[in-house]
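A.B. asks: Sequence and predicted structure are below.
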Amino acid sequence: MTRVEHIGIAVEDANAVAGLLESLLGLNLYKTEKVEREGVRTHFIDGGRIKIELLESTREDSPVARYLEKRGEGMHHLAFEVADVQQAIDRGRELGLQPLSDHPLPGADGKRIAFFHPRDTFGILIEVCETEALK
Ligand code: CO
């Protein structure tokens, strides 16, 4: 069953954002993980049914750094949990979307992930993810 798994938010200072969400809403930061390939440090906040993934750039030329430079802080992507990421990639291609990878890539928090180019998806950067352990 497809569901929104997390919302990715590009930020300059994840600890400041996590601190605000904790003070204002009592939400907890429960995991921080670096994804070297993407030049990003991810901070996961338990938002109840949907996680919040704060994305902080770890190098100047990372996709998140370019995003922050162009658009500033804010909502970056919507991640949907699917049963099979490869199937979702193939389905997207059939629909004329441009997957950003041909195959699922290892993501943070034990997921296999893929993205679709937002040009084809009404400006929404869509991530599809599946839990590694399910395979
Ligand atoms: Co994500």
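C.D. replies: Looks like it came in fine.

A.B. asks: Hmm, S57 and K34 touching each other?
C.D. replies: No: the criterion here is C-beta atoms under 8 Å, and K34 misses it with S57 at 11.1 Å. In this view, the C-beta of every residue, glycine as well, is placed from N, C-alpha and C.

A.B. asks: List the residues that are in contact with both of these two.
C.D. replies: Common neighbours of K34 and S57, counting by C-beta atoms under 8 Å, 6 or more residues apart in numbering, are 40-41.

A.B. asks: For the closest residue to R71 other than its chain neighbours, grab the count of nearby residues.
C.D. replies: Among residues not flanking R71 along the chain, A10 sits closest, at 7.8 Å (C-beta to C-beta, 6 or more residues apart in numbering). Around A10 there are 24 other residues, counting by other C-beta atoms under 10 Å.

A.B. asks: On the strand side of things, show who A10 bridges to.
C.D. replies: Beta-bridge pairing for A10 (DSSP bridges): L55, G74.
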